[in-house]
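Trainee: I would like the atomic coordinates for the input below:
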Amino acid sequence: MRNLAYVASFLILAAPVLAQNAASPAMDGIMKKAAPAAKSLAVKLDGKIKAPVSLTLAQLKALPAVTVEVNYAEQGKSRWTGASLMGILDKAGTVEAKGGGAYLQHLILARGSDGYAVGIAIGEIDPKFEGKQVIVAYERDGMALDSLHLIVPGDSHAGRGVRDLSEITVQ
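Mentor: Sure, this is the predicted structure:
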């Protein structure tokens, strides 16, 4: 009986402290599931380019639209529409280092709002080389997307597809 009295006293005295800790921002991650990052219809373009910019949906739609059909193993066939990544880079202008083949040394790093990132060699998308139609998509199967997606045709499992695309960095 005496132990029960000690436990009850402890709970009565500790209740305000426990309630305050449960309500603190530091405890939010423990007490609640983290809120998802806000989706965006704009993508930041930076790195070794002449004109760093944040491209809005309207600016992307002002570029020539490209539609690609992809067949991902898990998702099946889809038609995606958006702006060509190469067209975006052409408009921004890459900054070249000195030396032979400097242009082909560029790597494009595409990052989603969740931190997922993939790399694409510029030779993959340049029409003088492989010419793959990588796009920043804003539509799928004729329906508007709620965020931008990087679509890389030819990847059978969409490993380099980036949902909620937030940043493109030219290195």
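Trainee: show residues contacting the one helix or strand residue 168 maps to.
Mentor: In the assignment (DSSP states H and E), residue 168 maps to strand 165-170. Strand 165-170 is contacted from outside by 40, 43-49, 85, 88-89, 92, 94, 106-113, 122, 136, 147-150, using CB atoms under 8 Å, 6 or more residues apart in numbering. No exception for glycine: its C-beta is placed from N, CA and C like everyone else's.
Trainee: and that strand, which strands flank it?
Mentor: Take DSSP bridges as the rule and strand 165-170 pairs in its sheet with strand 42-47 (parallel), strand 107-112 (antiparallel).
Trainee: how about it as CSV, C-alpha atoms only?
Mentor: This file holds the C-alpha atoms of strand 165-170, laid out as CSV (Å, rounded to 0.1, in the frame of the first residue of the first chain):
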residue,chain,number,x,y,z
LEU,A,165,11.4,17.7,-58.0
SER,A,166,12.8,20.8,-56.2
GLU,A,167,16.3,21.4,-57.5
ILE,A,168,18.5,20.8,-60.5
THR,A,169,22.2,21.5,-60.0
VAL,A,170,24.7,21.5,-62.9
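Trainee: now it: how far from the chain's centre is it?
Mentor: How far strand 165-170 lies from its chain's middle: 7 Å, per CA atoms, centre = their mean, to the nearest Å.
Trainee: let me see the mean pLDDT of that strand.
Mentor: For strand 165-170, mean pLDDT rounds to 97.
Trainee: repeat for stretch 146-156
Mentor: Regarding stretch 146-156, the rounded mean pLDDT is 91.
Trainee: what does stretch 98-105 give?
Mentor: Averaging pLDDT along stretch 98-105 gives 77.
Trainee: please apply the same query to stretch 61-68.
Mentor: Stretch 61-68 carries an average pLDDT of 96.
Trainee: quick check: end-to-end length of that stretch?
Mentor: By CA to CA, to the nearest Å, the extent of stretch 61-68 from end to end equals 15 Å.
Trainee: so how far is it from its chain's centroid?
Mentor: Distance, stretch centre to chain centre, for stretch 61-68: 19 Å (CA atoms, centre = their mean).
Trainee: which parts of that stretch are buried?
Mentor: Buried residues in stretch 61-68, defined by neighbour count with 16 or more other CB atoms under 10 Å: 63, 66, 68.
Trainee: now the strands for this structure?
Mentor: Along the chain, the stretches classed as strands by DSSP state E are 42-47, 53-56, 65-72, 76-84, 107-112, 117-121, 135-140, 143-151, 165-170.
Trainee: give the contact list for residue 141.
Mentor: Residue 141 is in contact with 78-79, counting by CB under 8 Å, 6+ apart.
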